[in-house]
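1. need coordinates for the following:
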Amino acid sequence: MSVKRHQPQCAPGFVALLQGGTPVGLAVSGGGDSIALLHLAAAIGGRISVASVDHGLRASSADECAMVADICAGYGLPHQTLRWTGWDRRGNLQDQARKARYGLLGNWARAQGIADIALGHTADDQAETIIMALVRGAGVDGLAGMAPVTARDGLRFHRPLLDVTRDALRAHLTARGHLWCDDPSNDDPRYERIRIRQAAGALADLGLTPQALGQVAQNMGAAAAALDRQTGDLSRAYLLHQHGDVLITLPLQALSQEQARRLVLAAMGQVNRHLAAPRRDEQLRLMRTLLDGQGTTLGGCLLSFEGPVLRVSREPKAVADLILPTDAIWDGRWRLSGPHAPDLALGALGAGIDLCPDSRDTGLPRRSLQATPAVWRADALISAPLAGFGAGWSAQIVAE
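-> Below is the predicted model of the structure:
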């Protein structure tokens, strides 16, 4: 008597997305997890396009992308190989490859009119992420692991297989005669994630199974969501916007340390739209400094006290070299209106503040004004709207 094997399922929300007619991109590398995602999504149907990133780091990578292209051709799905050529052989390879992968996928998706991209992360990947977070001493956010859906650079990245184990996916592929490729770097113990993966059997014997660790992620995700809602309430009540600066009007000592940390990071994220979350140890040092009443800089932001009020402004040196056309969105948040011309450019006001006699009337500190956008013709300052210099130009905060 044969036993019917349970077929892995994509998350219901992702199934609904496919069935709703929304164009969806799949990131498929040729490995078992993403190949299984490809077959499962194709069986559901929908407006699917597929991309494979060839990092060019192994001789077989081009063949793996070609294999994915062949599978897509069999399903009648469009496929494109995205090649990464930007590694200079320095720095953390895995981190740089991950950033490049997201960048290439993002550019591809936007060109195709796609806002939703699915990734093949599994329950095992989630478990490994949680263990890595434990090793780092992470807080609630780190222990929440990978979210089922993440917003990044204007796109939504979906992980519809987070509840499915790697073994279940491979068993599904084997039962149907589907092939996949194994990346030899997945056995390289130089990488922390691989060492954790190789210890998975011993951890499971202790009860630290992918399912148990996935439950931890869900519990912490729920806690993080509740804290985020509370931070939103605090932001609406106690964050005051002043010409690009954000003022925290409630003394930090009136909040719990976690509330204060989240409120400060929320303010920093509004000032630096491209803020990458600082490391946990950096955040803890930041909060110790601020709770002692001292100003500091972090993440391209300048934090300073005006009595009990904490002012968060852009750090001048973070934008000192940012030069863009006058019709571009400057620093991810500023749009200038005025008589645009090809020989004009946007740059930080910087030392040009000495040419702005009315800057003191603006109510903004000198260092805040130095990080605001100004219109330049070569080295000549034409206008600094936020510093009250030069007629005909205005600056507004906009969504990027």
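2. could you report the neighbour count for the closest residue to Gly32 other than its chain neighbours?
-> Sequence neighbours aside, Trp180 is the residue nearest to Gly32 in space, at 4.2 Å (criterion: Cβ to Cβ, 6 or more residues apart in numbering). (C-beta placed from N, C-alpha, C; glycine too.) Neighbour count for Trp180, taken as other Cβ atoms under 10 Å: 23.
3. check which helix or strand Trp180 maps to.
-> Trp180 is part of no helix or strand when elements are defined by DSSP states H and E.
4. now do the contacts for it.
-> By Cβ atoms under 8 Å, 6 or more residues apart in numbering, the residues touching Trp180 are Gly30, Gly31, Gly32, Ile35, Ala36, Arg170, Leu173.
5. identify the residue nearest the first one in space, chain neighbours excluded?
-> Spelled out, that is Gly30. In space, Gly30 comes closest to Glu64 once its chain neighbours are excluded; the distance is 3.4 Å by Cβ to Cβ, 6+ apart.
6. hmm, back to that, let me have the contacts of Trp180 in CSV, extended by pLDDT and distance to Gly299.
-> Compiled in CSV, the contacts of Trp180 are given as follows (pLDDT from 0 to 100; distance: Cβ to Cβ, whole Å):
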residue, pLDDT, distance to Gly299
Gly30, 92, 36
Gly31, 93, 34
Gly32, 95, 37
Ile35, 97, 38
Ala36, 97, 38
Arg170, 96, 41
Leu173, 96, 43
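7. let's see if you can find the most crowded of those.
-> Tallying neighbours with other Cβ under 10 Å puts Ala36 at the head of the contacts of Trp180, with 27 neighbours.
8. so that one sits in a helix?
-> Yes: looking at Ala36 with DSSP: H, G, I helix; E, B strand; the rest coil, it is inside a helix.
9. ok so, going back, tell me, how many residues neighbour the residue nearest to Gly30?
-> 22.
10. swap in Ser359?
-> 23.
11. can we start the residue count at 49 from this point?
-> In the new count, where the first residue is 49, that last one comes out as Ser407.
12. nearest spatial neighbour of it, skipping sequence neighbours?
-> Closest to Ser407 by Cβ to Cβ, 6+ apart is Ala435, at 4.3 Å.
13. what's near enough to touch that neighbour?
-> Listed by Cβ under 8 Å, 6+ apart, the contact set of Ala435 reads Leu397, Ile401, Cys404, Asp406, Ser407, Thr410, Leu412, Leu417, Thr420, Ala422.
14. and the furthest pair within the contacts of Trp228?
-> The most widely separated members of the contacts of Trp228, counting by Cβ to Cβ, are Gly78 and Arg218 (13.6 Å).
15. which residue ranges form the strands in the stretch 99-248 of the chain?
-> Remark: strands assigned in the stretch 99-248 of the chain by DSSP state E, counting those that start in this stretch are 127-131, 164-166, 197-200, 203-206.
16. for the shortest one, packing partners?
-> In this case it means strand 164-166. Other elements packing on strand 164-166 under the criterion 3 or more Cβ pairs under 8 Å, 6 or more residues apart in numbering; DSSP states H and E are strand 72-75, strand 203-206.
17. of the ones you listed, which stretch is the most buried?
-> Greatest average neighbour count among those goes to strand 72-75 (a mean of 25), per mean count of other Cβ atoms under 10 Å.
18. for stretch 331-344, what is the average pLDDT?
-> The average of the pLDDT scores along stretch 331-344 is 96.
19. give me the contacts around that stretch.
-> With Cβ under 8 Å, 6+ apart, stretch 331-344 has contacts from 300-301, 305, 308-309, 312-313, 325-326, 346, 350-353, 358.
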